[in-house]
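**Q** Here you go, sequence then predicted model.
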Amino acid sequence: MGTPLASRSSFASPVALRVTNDKEMDVAIQQISMSLASGQKPVVIGLAADSGCGKSTFMRRVTACFGGACKLNPIGRETNTLISDMTTVICLDDYHLNDRQGRKKTGLTALDPRENNFDLMYEQVKALKEGKKVMKPIYNHVNGTLDEAEEITPTPIIIFEGLHPFYDKRVEELMDFKIYVDITPEVKFNWKVQRDHEERGHSIESIKQQIEARKPDFDAYIDPQKNKADCVIQVLPTNLVANDKTHLNVKLIQCKGVDHYAPTYLWDEGSDIEWVPPRNKLASSAPGAGLKIYQKTEKWAGKDAAVIGMDGKYDKIDEMMYVEKQFASTGSKFVGEITKKMLEYEGQPGSNDGTGFLQTITALKVREVYEGIAKVKVPAQAN
Ligand SMILES: Nc1ncnc2c1ncn2[C@@H]1O[C@H](COP(=O)(O)OP(=O)(O)O)[C@@H](O)[C@H]1O
Ligand SMILES: O=C(COP(=O)(O)O)[C@H](O)[C@H](O)COP(=O)(O)O
(Lines give C-alpha, C1' and ligand atoms only; values in the text may rest on other atoms or scores of the structure.)
(Ligands and ions follow the chains in the order given, each with its own letter.)
Protein backbone atom coordinates (compact mmCIF):
# COMPACT_ATOMS: atom_id res chain seq x y z
CA MET A 1 0.00 0.00 0.00
CA GLY A 2 1.51 3.35 -0.98
CA THR A 3 1.93 6.07 1.61
CA PRO A 4 -1.17 8.20 1.06
CA LEU A 5 -0.80 11.92 0.69
CA ALA A 6 -1.31 13.40 4.14
CA SER A 7 -3.20 16.66 4.78
CA ARG A 8 -1.68 20.04 4.14
CA SER A 9 1.13 19.17 6.52
CA SER A 10 2.53 17.13 3.64
CA PHE A 11 3.19 20.41 1.81
CA ALA A 12 5.58 21.36 4.57
CA SER A 13 7.89 18.59 3.45
CA PRO A 14 7.76 16.45 0.31
CA VAL A 15 5.94 13.21 0.93
CA ALA A 16 7.46 10.27 -0.88
CA LEU A 17 4.70 8.40 -2.61
CA ARG A 18 4.80 5.03 -4.19
CA VAL A 19 1.79 3.39 -5.73
CA THR A 20 1.71 -0.06 -7.17
CA ASN A 21 -1.73 -0.02 -8.76
CA ASP A 22 -4.16 2.36 -10.43
CA LYS A 23 -6.45 2.47 -7.39
CA GLU A 24 -3.68 3.94 -5.27
CA MET A 25 -2.90 6.33 -8.11
CA ASP A 26 -6.53 7.46 -7.99
CA VAL A 27 -6.28 7.99 -4.22
CA ALA A 28 -3.09 10.01 -4.66
CA ILE A 29 -4.63 12.14 -7.41
CA GLN A 30 -7.76 12.71 -5.33
CA GLN A 31 -5.71 13.86 -2.38
CA ILE A 32 -3.57 16.18 -4.51
CA SER A 33 -6.77 17.63 -5.98
CA MET A 34 -8.22 17.98 -2.46
CA SER A 35 -5.15 19.99 -1.56
CA LEU A 36 -6.22 22.42 -4.27
CA ALA A 37 -9.57 22.79 -2.53
CA SER A 38 -7.78 23.46 0.74
CA GLY A 39 -5.86 26.41 -0.69
CA GLN A 40 -2.89 24.92 -2.56
CA LYS A 41 -2.56 27.07 -5.69
CA PRO A 42 -2.29 25.55 -9.18
CA VAL A 43 1.12 25.47 -10.85
CA VAL A 44 1.07 27.24 -14.24
CA ILE A 45 3.19 26.09 -17.18
CA GLY A 46 3.58 28.10 -20.41
CA LEU A 47 4.39 26.61 -23.82
CA ALA A 48 5.07 28.94 -26.74
CA ALA A 49 5.51 28.06 -30.39
CA ASP A 50 4.23 28.96 -33.82
CA SER A 51 1.22 27.32 -35.35
CA GLY A 52 1.72 23.68 -36.27
CA CYS A 53 4.89 23.16 -34.17
CA GLY A 54 3.63 20.19 -32.20
CA LYS A 55 2.43 21.92 -29.04
CA SER A 56 -0.74 19.85 -28.66
CA THR A 57 1.17 16.64 -29.44
CA PHE A 58 3.88 17.53 -26.88
CA MET A 59 1.32 18.45 -24.21
CA ARG A 60 -0.23 15.00 -24.38
CA ARG A 61 3.18 13.61 -23.36
CA VAL A 62 3.33 16.09 -20.48
CA THR A 63 -0.17 15.43 -19.13
CA ALA A 64 0.49 11.67 -19.26
CA CYS A 65 3.13 12.11 -16.54
CA PHE A 66 0.47 13.13 -14.03
CA GLY A 67 -1.73 10.07 -14.39
CA GLY A 68 -5.34 9.84 -15.40
CA ALA A 69 -6.76 9.85 -18.92
CA CYS A 70 -6.47 13.12 -20.84
CA LYS A 71 -9.48 14.08 -22.96
CA LEU A 72 -11.07 17.09 -24.60
CA ASN A 73 -13.37 19.04 -22.26
CA PRO A 74 -16.66 17.05 -22.52
CA ILE A 75 -18.92 19.98 -23.53
CA GLY A 76 -20.34 18.23 -26.59
CA ARG A 77 -19.01 20.80 -29.07
CA GLU A 78 -15.71 22.01 -30.52
CA THR A 79 -13.15 22.79 -27.81
CA ASN A 80 -9.36 23.06 -27.64
CA THR A 81 -9.15 22.35 -23.90
CA LEU A 82 -7.59 19.07 -22.76
CA ILE A 83 -8.47 17.89 -19.25
CA SER A 84 -7.24 15.10 -16.94
CA ASP A 85 -7.53 14.56 -13.17
CA MET A 86 -4.45 16.65 -12.46
CA THR A 87 -4.03 18.81 -15.56
CA THR A 88 -5.80 21.31 -17.81
CA VAL A 89 -4.26 22.35 -21.14
CA ILE A 90 -5.63 25.64 -22.45
CA CYS A 91 -4.99 26.77 -26.03
CA LEU A 92 -4.31 30.51 -26.14
CA ASP A 93 -5.92 30.75 -29.58
CA ASP A 94 -9.10 30.92 -27.51
CA TYR A 95 -8.12 34.51 -26.71
CA HIS A 96 -8.19 35.61 -30.36
CA LEU A 97 -9.93 39.01 -30.47
CA ASN A 98 -11.62 38.37 -33.83
CA ASP A 99 -12.72 35.32 -35.72
CA ARG A 100 -11.40 34.34 -39.15
CA GLN A 101 -13.81 36.64 -40.97
CA GLY A 102 -12.89 39.46 -38.62
CA ARG A 103 -9.21 39.02 -39.43
CA LYS A 104 -9.98 39.19 -43.12
CA LYS A 105 -11.45 42.65 -42.45
CA THR A 106 -8.57 43.89 -40.30
CA GLY A 107 -6.02 42.31 -42.61
CA LEU A 108 -4.06 41.23 -39.54
CA THR A 109 -2.82 37.70 -38.87
CA ALA A 110 -3.62 35.72 -35.69
CA LEU A 111 0.04 36.18 -34.73
CA ASP A 112 -0.38 39.97 -34.48
CA PRO A 113 -0.86 40.97 -30.82
CA ARG A 114 -3.63 43.34 -31.96
CA GLU A 115 -5.68 40.24 -32.84
CA ASN A 116 -5.43 38.80 -29.34
CA ASN A 117 -7.25 39.83 -26.14
CA PHE A 118 -4.39 40.02 -23.63
CA ASP A 119 -6.48 41.79 -20.98
CA LEU A 120 -8.89 38.83 -20.86
CA MET A 121 -5.98 36.36 -21.10
CA TYR A 122 -4.28 38.01 -18.10
CA GLU A 123 -7.53 38.22 -16.12
CA GLN A 124 -8.32 34.53 -16.65
CA VAL A 125 -4.79 33.13 -16.20
CA LYS A 126 -4.60 35.10 -12.94
CA ALA A 127 -8.01 33.87 -11.77
CA LEU A 128 -7.19 30.24 -12.58
CA LYS A 129 -3.84 30.54 -10.81
CA GLU A 130 -5.76 31.82 -7.77
CA GLY A 131 -7.86 28.65 -7.94
CA LYS A 132 -10.99 30.32 -9.37
CA LYS A 133 -13.25 29.05 -12.17
CA VAL A 134 -13.54 31.08 -15.38
CA MET A 135 -15.79 31.14 -18.43
CA LYS A 136 -13.22 31.02 -21.23
CA PRO A 137 -14.03 31.81 -24.90
CA ILE A 138 -13.43 29.16 -27.55
CA TYR A 139 -11.73 29.67 -30.93
CA ASN A 140 -13.11 27.07 -33.33
CA HIS A 141 -10.23 26.06 -35.63
CA VAL A 142 -12.53 24.11 -37.90
CA ASN A 143 -14.83 26.93 -39.00
CA GLY A 144 -12.84 29.93 -37.73
CA THR A 145 -15.53 31.26 -35.38
CA LEU A 146 -15.46 32.43 -31.76
CA ASP A 147 -17.84 30.06 -29.99
CA GLU A 148 -19.81 30.20 -26.72
CA ALA A 149 -17.59 30.16 -23.63
CA GLU A 150 -16.79 27.00 -21.67
CA GLU A 151 -16.40 26.74 -17.89
CA ILE A 152 -12.86 25.92 -16.76
CA THR A 153 -12.26 24.65 -13.23
CA PRO A 154 -8.64 24.86 -12.00
CA THR A 155 -6.64 21.64 -11.61
CA PRO A 156 -3.28 21.26 -9.76
CA ILE A 157 -1.40 21.85 -13.04
CA ILE A 158 -2.61 24.30 -15.72
CA ILE A 159 -0.74 24.52 -19.03
CA PHE A 160 -1.22 27.47 -21.39
CA GLU A 161 -0.01 26.60 -24.88
CA GLY A 162 -0.08 28.84 -27.90
CA LEU A 163 1.36 31.74 -29.84
CA HIS A 164 1.79 34.37 -27.12
CA PRO A 165 2.13 33.00 -23.54
CA PHE A 166 5.20 35.15 -22.85
CA TYR A 167 4.35 38.19 -25.01
CA ASP A 168 2.36 40.17 -22.43
CA LYS A 169 4.58 40.76 -19.37
CA ARG A 170 1.61 40.40 -17.02
CA VAL A 171 0.82 36.93 -18.37
CA GLU A 172 4.48 35.90 -18.57
CA GLU A 173 5.00 36.69 -14.90
CA LEU A 174 2.20 34.27 -13.97
CA MET A 175 4.06 31.36 -15.57
CA ASP A 176 5.91 29.10 -13.13
CA PHE A 177 7.85 27.38 -15.92
CA LYS A 178 8.27 28.45 -19.55
CA ILE A 179 8.93 26.18 -22.54
CA TYR A 180 9.51 27.24 -26.16
CA VAL A 181 9.37 24.86 -29.14
CA ASP A 182 11.63 26.18 -31.92
CA ILE A 183 11.10 24.42 -35.23
CA THR A 184 13.08 25.34 -38.35
CA PRO A 185 10.93 26.59 -41.24
CA GLU A 186 11.28 23.54 -43.45
CA VAL A 187 10.27 21.17 -40.66
CA LYS A 188 7.43 23.46 -39.54
CA PHE A 189 6.13 23.68 -43.08
CA ASN A 190 5.84 19.90 -43.40
CA TRP A 191 4.12 19.54 -40.02
CA LYS A 192 1.68 22.44 -40.47
CA VAL A 193 0.76 21.46 -44.01
CA GLN A 194 0.08 17.88 -42.86
CA ARG A 195 -2.14 19.01 -39.98
CA ASP A 196 -4.00 21.96 -41.50
CA HIS A 197 -4.75 19.96 -44.66
CA GLU A 198 -5.74 16.68 -43.01
CA GLU A 199 -7.38 17.92 -39.80
CA ARG A 200 -8.55 21.44 -40.58
CA GLY A 201 -9.48 21.04 -44.25
CA HIS A 202 -7.31 23.85 -45.60
CA SER A 203 -5.91 23.51 -49.14
CA ILE A 204 -2.16 22.98 -49.45
CA GLU A 205 -1.91 26.22 -51.46
CA SER A 206 -3.74 28.25 -48.82
CA ILE A 207 -1.51 26.82 -46.09
CA LYS A 208 1.60 27.75 -48.06
CA GLN A 209 0.23 31.28 -48.57
CA GLN A 210 -0.69 31.60 -44.87
CA ILE A 211 2.78 30.51 -43.73
CA GLU A 212 4.44 33.02 -46.04
CA ALA A 213 2.04 35.82 -45.05
CA ARG A 214 2.61 35.17 -41.35
CA LYS A 215 6.44 35.04 -41.49
CA PRO A 216 6.96 38.77 -40.64
CA ASP A 217 4.61 38.51 -37.66
CA PHE A 218 6.24 35.27 -36.53
CA ASP A 219 9.63 36.97 -36.58
CA ALA A 220 8.29 40.04 -34.77
CA TYR A 221 6.01 38.57 -32.11
CA ILE A 222 6.43 34.80 -31.67
CA ASP A 223 10.13 34.02 -32.18
CA PRO A 224 11.44 36.59 -29.61
CA GLN A 225 9.59 34.70 -26.85
CA LYS A 226 12.18 31.92 -27.07
CA ASN A 227 14.58 34.21 -25.20
CA LYS A 228 12.22 34.21 -22.22
CA ALA A 229 11.94 30.42 -21.95
CA ASP A 230 13.42 28.26 -19.18
CA CYS A 231 13.90 25.46 -21.68
CA VAL A 232 13.79 25.28 -25.46
CA ILE A 233 13.25 22.26 -27.69
CA GLN A 234 14.86 23.00 -31.05
CA VAL A 235 13.97 20.80 -34.05
CA LEU A 236 16.44 21.08 -36.93
CA PRO A 237 17.21 19.03 -40.04
CA THR A 238 19.73 16.27 -39.39
CA ASN A 239 23.48 16.95 -39.56
CA LEU A 240 24.27 13.31 -40.16
CA VAL A 241 23.60 13.31 -43.90
CA ALA A 242 23.68 16.34 -46.21
CA ASN A 243 20.34 17.34 -47.80
CA ASP A 244 18.42 14.74 -45.78
CA LYS A 245 14.95 16.29 -45.41
CA THR A 246 13.51 13.40 -43.42
CA HIS A 247 15.53 12.95 -40.25
CA LEU A 248 15.75 15.43 -37.40
CA ASN A 249 18.39 16.84 -35.10
CA VAL A 250 16.66 17.76 -31.83
CA LYS A 251 18.23 19.85 -29.06
CA LEU A 252 17.01 20.39 -25.51
CA ILE A 253 18.40 23.73 -24.27
CA GLN A 254 18.10 23.82 -20.47
CA CYS A 255 18.70 27.22 -18.87
CA LYS A 256 20.58 27.04 -15.57
CA GLY A 257 19.50 28.76 -12.36
CA VAL A 258 15.76 28.10 -12.78
CA ASP A 259 13.99 27.26 -9.50
CA HIS A 260 13.13 23.55 -9.13
CA TYR A 261 14.66 22.78 -12.58
CA ALA A 262 17.94 20.77 -12.53
CA PRO A 263 19.12 20.15 -16.13
CA THR A 264 19.36 16.60 -17.39
CA TYR A 265 22.85 15.45 -18.35
CA LEU A 266 24.76 12.64 -20.02
CA TRP A 267 27.43 10.74 -18.01
CA ASP A 268 29.42 13.71 -16.66
CA GLU A 269 27.63 17.03 -16.16
CA GLY A 270 29.30 19.83 -18.11
CA SER A 271 31.31 17.56 -20.40
CA ASP A 272 31.20 18.05 -24.17
CA ILE A 273 30.24 14.66 -25.54
CA GLU A 274 29.40 13.16 -28.92
CA TRP A 275 28.24 9.56 -28.74
CA VAL A 276 27.17 7.23 -31.56
CA PRO A 277 25.65 4.18 -29.85
CA PRO A 278 26.59 0.85 -31.50
CA ARG A 279 23.83 -0.37 -33.78
CA ASN A 280 23.82 -3.78 -32.13
CA LYS A 281 22.65 -2.02 -28.96
CA LEU A 282 20.51 0.66 -30.58
CA ALA A 283 19.29 -0.22 -34.08
CA SER A 284 18.87 2.66 -36.51
CA SER A 285 17.73 2.49 -40.13
CA ALA A 286 18.62 6.14 -40.66
CA PRO A 287 21.41 6.83 -43.16
CA GLY A 288 24.98 7.67 -42.18
CA ALA A 289 25.75 7.23 -38.50
CA GLY A 290 22.04 6.55 -37.89
CA LEU A 291 21.88 8.26 -34.53
CA LYS A 292 24.17 10.56 -32.57
CA ILE A 293 23.65 11.79 -29.02
CA TYR A 294 25.52 14.84 -27.79
CA GLN A 295 26.01 17.21 -24.87
CA LYS A 296 27.47 20.70 -24.69
CA THR A 297 27.30 23.92 -22.76
CA GLU A 298 25.93 27.01 -24.52
CA LYS A 299 24.68 30.49 -23.80
CA TRP A 300 20.98 31.04 -24.40
CA ALA A 301 19.70 34.64 -24.35
CA GLY A 302 22.73 35.53 -22.24
CA LYS A 303 22.07 32.71 -19.76
CA ASP A 304 24.23 29.62 -19.17
CA ALA A 305 22.48 26.58 -20.62
CA ALA A 306 23.12 22.83 -20.59
CA VAL A 307 22.32 21.28 -23.97
CA ILE A 308 21.60 17.63 -24.72
CA GLY A 309 20.67 16.52 -28.20
CA MET A 310 19.77 13.62 -30.43
CA ASP A 311 20.37 13.58 -34.19
CA GLY A 312 18.82 10.81 -36.27
CA LYS A 313 16.37 8.08 -35.34
CA TYR A 314 16.16 4.82 -33.38
CA ASP A 315 14.14 1.89 -34.68
CA LYS A 316 13.06 0.18 -31.45
CA ILE A 317 11.77 2.22 -28.56
CA ASP A 318 12.43 -0.58 -26.05
CA GLU A 319 16.14 -0.37 -26.89
CA MET A 320 16.09 3.20 -25.57
CA MET A 321 16.39 1.73 -22.07
CA TYR A 322 20.11 1.41 -22.89
CA VAL A 323 20.29 5.14 -23.70
CA GLU A 324 18.09 6.22 -20.80
CA LYS A 325 20.47 4.60 -18.31
CA GLN A 326 23.30 6.85 -19.50
CA PHE A 327 21.46 10.03 -18.46
CA ALA A 328 21.07 11.56 -15.00
CA SER A 329 18.69 14.13 -13.48
CA THR A 330 15.99 13.04 -15.95
CA GLY A 331 13.09 13.49 -13.51
CA SER A 332 12.26 9.78 -13.75
CA LYS A 333 11.13 7.97 -10.60
CA PHE A 334 12.48 4.57 -11.64
CA VAL A 335 14.94 3.24 -14.20
CA GLY A 336 13.04 2.75 -17.44
CA GLU A 337 10.28 5.32 -16.84
CA ILE A 338 11.30 7.33 -19.93
CA THR A 339 11.26 4.21 -22.13
CA LYS A 340 7.94 3.14 -20.58
CA LYS A 341 6.39 6.54 -21.33
CA MET A 342 7.68 6.46 -24.93
CA LEU A 343 6.31 2.93 -25.42
CA GLU A 344 2.92 4.15 -24.18
CA TYR A 345 3.03 6.65 -27.05
CA GLU A 346 4.46 4.33 -29.72
CA GLY A 347 3.22 5.40 -33.13
CA GLN A 348 2.62 9.00 -32.06
CA PRO A 349 4.52 11.71 -33.96
CA GLY A 350 8.16 11.77 -32.91
CA SER A 351 8.10 8.29 -31.36
CA ASN A 352 11.45 7.31 -32.88
CA ASP A 353 13.50 10.48 -32.83
CA GLY A 354 14.81 13.15 -30.50
CA THR A 355 11.45 14.93 -30.27
CA GLY A 356 9.84 11.95 -28.55
CA PHE A 357 12.85 11.32 -26.29
CA LEU A 358 13.51 14.93 -25.29
CA GLN A 359 9.84 15.85 -24.98
CA THR A 360 9.41 12.87 -22.64
CA ILE A 361 12.36 14.04 -20.52
CA THR A 362 10.90 17.55 -20.48
CA ALA A 363 7.53 16.13 -19.41
CA LEU A 364 9.18 14.40 -16.42
CA LYS A 365 11.01 17.62 -15.58
CA VAL A 366 7.70 19.53 -15.65
CA ARG A 367 6.46 16.99 -13.08
CA GLU A 368 9.60 17.66 -11.02
CA VAL A 369 9.05 21.44 -11.21
CA TYR A 370 5.44 20.93 -10.09
CA GLU A 371 6.58 18.80 -7.15
CA GLY A 372 9.13 21.42 -6.15
CA ILE A 373 6.58 24.24 -6.16
CA ALA A 374 3.61 22.34 -4.70
CA LYS A 375 5.82 20.47 -2.21
CA VAL A 376 4.07 17.21 -2.95
CA LYS A 377 5.24 14.04 -4.67
CA VAL A 378 3.29 12.80 -7.71
CA PRO A 379 3.35 8.98 -7.70
CA ALA A 380 5.02 7.22 -10.59
CA GLN A 381 2.26 5.61 -12.62
CA ALA A 382 1.60 1.99 -12.02
CA ASN A 383 2.34 -0.40 -14.87
N1 LIG B 1 7.48 15.26 -33.10
C2 LIG B 1 6.77 15.30 -34.24
N3 LIG B 1 7.23 14.68 -35.35
C4 LIG B 1 6.54 14.71 -36.49
N5 LIG B 1 5.35 15.35 -36.65
C6 LIG B 1 4.85 16.00 -35.57
C7 LIG B 1 5.52 16.02 -34.32
N8 LIG B 1 4.78 16.72 -33.43
C9 LIG B 1 3.68 17.13 -34.11
N10 LIG B 1 3.72 16.69 -35.38
C11 LIG B 1 2.70 16.93 -36.43
O12 LIG B 1 2.66 18.32 -36.64
C13 LIG B 1 1.31 18.75 -36.84
C14 LIG B 1 1.00 19.85 -35.83
O15 LIG B 1 1.00 19.27 -34.54
P16 LIG B 1 0.14 19.97 -33.37
O17 LIG B 1 0.48 19.26 -32.11
O18 LIG B 1 -1.30 20.07 -33.81
O19 LIG B 1 0.79 21.43 -33.41
P20 LIG B 1 0.25 22.77 -32.67
O21 LIG B 1 -0.57 22.33 -31.51
O22 LIG B 1 1.52 23.46 -32.28
O23 LIG B 1 -0.50 23.53 -33.71
C24 LIG B 1 0.43 17.51 -36.66
O25 LIG B 1 0.13 17.00 -37.96
C26 LIG B 1 1.33 16.54 -35.94
O27 LIG B 1 1.02 15.20 -36.31
O1 LIG C 1 -2.23 30.17 -35.53
C2 LIG C 1 -3.29 29.69 -35.24
C3 LIG C 1 -3.48 28.28 -34.85
O4 LIG C 1 -2.48 27.97 -33.99
P5 LIG C 1 -2.22 26.39 -33.83
O6 LIG C 1 -1.93 25.90 -35.22
O7 LIG C 1 -1.07 26.34 -32.88
O8 LIG C 1 -3.48 25.79 -33.28
C9 LIG C 1 -4.48 30.48 -35.30
O10 LIG C 1 -5.32 30.25 -34.20
C11 LIG C 1 -5.20 30.05 -36.49
O12 LIG C 1 -4.27 29.87 -37.53
C13 LIG C 1 -6.19 31.16 -36.81
O14 LIG C 1 -6.31 31.28 -38.15
P15 LIG C 1 -7.16 30.21 -38.98
O16 LIG C 1 -8.11 29.54 -38.05
O17 LIG C 1 -7.84 31.03 -40.03
O18 LIG C 1 -6.11 29.28 -39.49
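**A** Thanks, I have the structure now. Ligands and ions are numbered 1, 2, ... in the order given.
**Q** any idea of the pLDDT on the nearest residue to residue 301 once chain neighbours are set aside?
**A** Once flanking residues are discounted, residue 301 sits nearest to residue 227: 3.7 Å by C-beta to C-beta, 6 or more residues apart in numbering. Backbone N, C-alpha and C define where each C-beta goes, glycine included. pLDDT for residue 227: 98.
**Q** neighbours around residue 227, how many?
**A** 13 (other C-beta atoms under 10 Å).
**Q** ok, it to residue 300 distance?
**A** Residue 227 sits 8 Å away from residue 300, going by C-beta to C-beta, to the nearest Å.
**Q** Could you confirm residue 102 falls within a strand?
**A** No - assessed with DSSP: H, G, I helix; E, B strand; the rest coil, residue 102 is helix; it does not lie in a strand.
**Q** so how far is residue 114 from it?
**A** 11 Å.
**Q** who has more neighbours, those two?
**A** Counted by other C-beta under 10 Å, residue 102 and residue 114 do not tie: residue 102 has more neighbours, with 15 against 11.
**Q** and the more buried one, what is it in contact with?
**A** If a contact means C-beta atoms under 8 Å, 6 or more residues apart in numbering, then residue 102 has no contacts.
**Q** picking that back up, my guess is the residue nearest to residue 301 is in a helix, correct?
**A** Yes - per three-state DSSP, residue 227 lies within a helix segment.
**Q** does it really touch residue 303, like I thought?
**A** No - between residue 227 and residue 303 there is no contact under C-beta atoms under 8 Å: 9.0 Å.
**Q** Just the element for residue 205, please.
**A** helix 204-217 (DSSP states H and E).
**Q** what's the average pLDDT for the helix or strand following that helix?
**A** Moving toward the C-terminus from helix 204-217, the next helix or strand (DSSP H and E) is strand 231-237. For strand 231-237, mean pLDDT rounds to 97.
**Q** Which strands border strand 231-237, and is each parallel or antiparallel?
**A** Sheet pairing for strand 231-237, assigned by DSSP bridges, gives strand 177-183 (parallel), strand 248-255 (antiparallel).
**Q** any chance of those strands in JSON lines, plus distance to ligand 2 and mean pLDDT?
**A** Listed next are the strands paired with strand 231-237 as JSON lines, based on distance: least, C-beta to the nearest ligand atom, whole Å; pLDDT from 0 to 100:
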{"stretch": "strand 177-183", "distance to ligand 2": "10", "mean pLDDT": "97"}
{"stretch": "strand 248-255", "distance to ligand 2": "19", "mean pLDDT": "98"}
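**Q** so the residue sitting furthest away from the middle of the chain, which of the three states?
**A** Distance from the C-alpha centroid of the chain, by C-alpha atoms, centre = their mean, peaks at residue 105 (33.2 Å). The three-state label given to residue 105 by three-state DSSP is helix.
**Q** ok, longest helix in the chain?
**A** Using DSSP state H, we find that the single longest helix of the chain is helix 354-374.
**Q** what packs against it?
**A** strand 43-48, helix 55-63, strand 177-183, strand 231-237, strand 248-255, strand 303-312, helix 337-344 (3 or more C-beta pairs under 8 Å, 6 or more residues apart in numbering; DSSP states H and E).
**Q** domain parsing for the protein?
**A** Domains of the chain are assigned by the TED database as 39-179, 230-362.
**Q** Now do the contacts for the residue of the stretch 151-300 of the chain at minimum distance from ligand 2.
**A** Among all residues of the stretch 151-300 of the chain, residue 163 sits closest to ligand 2, at 5.9 Å; criterion: C-beta to the nearest ligand atom. Residues touching residue 163, when contacts are defined by C-beta under 8 Å, 6+ apart, comprise 48-51, 92-93, 110-111, 116, 221-222.
**Q** how about the residues of the stretch 1-150 of the chain that lie near ligand 2?
**A** Taking C-beta under 6 Å from any ligand atom as the contact definition, the stretch 1-150 of the chain meets ligand 2 at 51-52, 55, 93, 100, 110, 139, 141, 144.
**Q** So which of those is the closest to ligand 1?
**A** Using C-beta to the nearest ligand atom, these come closest to ligand 1 at residue 55, 3.4 Å.
**Q** Model confidence for that closest one, exactly?
**A** Looking at residue 55, the pLDDT reads 93.
**Q** What is the neighbour count of the residue lying closest to it once chain neighbours are set aside?
**A** Nearest non-adjacent residue to residue 55, counting by C-beta to C-beta, 6+ apart: residue 161, 4.4 Å away. The number of residues packed near residue 161 is 24, by other C-beta under 10 Å.
**Q** Help me confirm that residue 161 comes into contact with residue 54.
**A** No - the criterion here is C-beta under 8 Å, and residue 161 misses it with residue 54 at 10.2 Å.
**Q** Buried ones in stretch 100-109, by neighbour count?
**A** For stretch 100-109, the neighbour count (16 or more other C-beta atoms under 10 Å) marks 103, 108-109 as buried.
**Q** From the chain's centroid, how far away is that stretch?
**A** 29 Å (C-alpha atoms, centre = their mean, to the nearest Å).
**Q** what do you get for stretch 185-200?
**A** 18 Å.
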